[in-house]
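Asks: got a predicted model here, sequence first, then my questions.
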Amino acid sequence: MFSKTTVVINHIASVTTRSLTTRLVFTTAIAVLVSTSTTLAAYTFLTVSGNNISGNPAFSQFAGANGTILVTHSFSAGGAGPQDNLNSAIIPSNFSTIPAFTGTGNVDGHLAQTQYGATSKVTFTMAYAITPNTVFGMWNTTDEVAQPAYRIELINASNVAVPPTTFNQVGTGDNTGAAGVQGRHQMVMNPATGDVSFGAVINGGSGIHTNALFWDKIPPGTKAINVYGTLGQLPGNNVGDGVGYYFAELVPEPGSMMLGAIGLCFAGMLRSRRRG
């Protein structure tokens, strides 16, 4: 029994012997298929493991096909919340209602929790081959104290701290997983400064804090992502603000990769025949 791929290859072989016009038409079709094959790619969220210890001894790790991302925390005295680094508190998360993440289902995330009136720094150190499609996301930042409460900073290939000016928004929406709650406000980020704050009211204002926001276009060679928290006092709250962090990668499906390879091979054959 012939596979679909075998049929396509046989068609290509036969087309190379036909007229120039036929070959040009077929080349155009292949080009269209290859250009649209990116739609066959799907996001895969990285998995998370950790030592379940809160505060400055906290350690967690994202893992995926391109390597690992190490997570460490640094708090001011007494600044860690009771669920800090307890990743199971937000696993599973689910962002499949966001168009870019349709079909991703339940995913892992990392939880960092900062007490109100304290400061924090969450560092994501890259032992990971970043691609233009590597995605970084945040969920559930506080809207109850002065803004901006958080700031994103990149450590570039030259070990210089820079704002995330290249970040491109991939999607935004609520976490609908078992750990999820509706956001009260839309999360917003200023790429020029890295400041994370809240914007428009969503869900009729009945949710909690902010929804999630995801970006790609992390600069190649980035060595680390730092997220700084500076939270004002919130009387009566002794739990703190728990923020979820996520990484994902856009992975081409096998059919997409095959179409690309076939297109390149066919273009090569046409060039060879023209030179002959």
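Replies: Happy to help now that I have it. Since the model is a prediction, treat every value here as computed from it, not as a measurement.

Asks: of all residues in this structure, which one is nearest the centre?
Replies: Val135 (2.1 Å; CA atoms, centre = their mean).

Asks: check that one and give its pLDDT.
Replies: Note for Val135: predicted pLDDT of 98.

Asks: the nearest residue to it once chain neighbours are set aside and Pro92, how far apart?
Replies: Leaving aside its chain neighbours, Val135 sits nearest to Ala248 (4.1 Å; criterion: CB to CB, 6 or more residues apart in numbering). Where you see a C-beta, it was placed from the backbone N, CA and C, and this is true even at glycine. Plainly put, Ala248 is 14 Å away from Pro92 if you go by CB to CB, to the nearest Å.

Asks: who has more neighbours, those two?
Replies: Set Ala248 next to Pro92 and count neighbours by other CB atoms under 10 Å: Ala248 wins out with 25 against 16.

Asks: list the residues that contact the more buried one.
Replies: By CB atoms under 8 Å, 6 or more residues apart in numbering, the contact set of Ala248 is Tyr43, Thr44, Phe45, Leu46, Phe101, Thr104, Val107, Thr134, Val135, Gly137, Phe214.

Asks: let's see it at 6 Å
Replies: Residues in contact with Ala248 (CB atoms under 6 Å, 6 or more residues apart in numbering) are Tyr43, Phe45, Val135.

Asks: what residues does stretch 109-126 touch?
Replies: So stretch 109-126 is in contact with 48, 60, 69-76, 79, 81, 83-84, 86-87, 89-90, 93, 223-231, 233-234, 237, 240-246, going by CB under 6 Å, 6+ apart.

Asks: scratch that, stretch 178-196
Replies: Under CB under 6 Å, 6+ apart, the answer for stretch 178-196 is 90, 92-93, 141, 143, 148, 150-153, 163-165, 167, 174, 197-203, 205, 207-208, 210-211, 213.

Asks: same deal with stretch 93-105?
Replies: Against stretch 93-105 from outside (CB under 6 Å, 6+ apart): Tyr43, Asn106, Val107, Gly109, Val170, Gly171, Gly173, Asn175, Thr176, Gly177, Ala179.

Asks: what number of residues lie near the first one?
Replies: If I follow you right, that is Tyr43. Neighbours of Tyr43 (other CB under 10 Å): 23.

Asks: for the fifth one, same thing?
Replies: By the measure other CB under 10 Å, the count of residues near Val170 is 21.

Asks: kindly report the same for the one 5 residues further on.
Replies: With neighbours defined by other CB under 10 Å, the count for Asn175 comes to 25.

Asks: residues in contact with it?
Replies: Ser93, Trp139, Ala212.

Asks: can you lay out these as CSV showing secondary structure?
Replies: As requested, those are exported to CSV (DSSP: H, G, I helix; E, B strand; the rest coil):
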residue, secondary structure
Ser93, strand
Trp139, strand
Ala212, strand
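
Asks: of the residues you listed - the most surrounded one?
Replies: Trp139 (29 neighbours).

Asks: so how far is Val227 from that one?
Replies: On the measure of CB to CB, Trp139 and Val227 end up 12 Å apart.

Asks: what's the answer for Ala178, then?
Replies: For Ala178 relative to Val227 (CB to CB), the value is 24 Å.

Asks: the two - which one has more neighbours?
Replies: Val227 (21 against 11).

Asks: give me the phi and psi angles of the nearest residue to the more buried one once chain neighbours are set aside.
Replies: Distances taken as CB to CB, 6+ apart place Val122 nearest to Val227, at 4.6 Å, with adjacent residues excluded. Per-residue torsions, Val122: phi -110, psi 120 (degrees, to the nearest 10).
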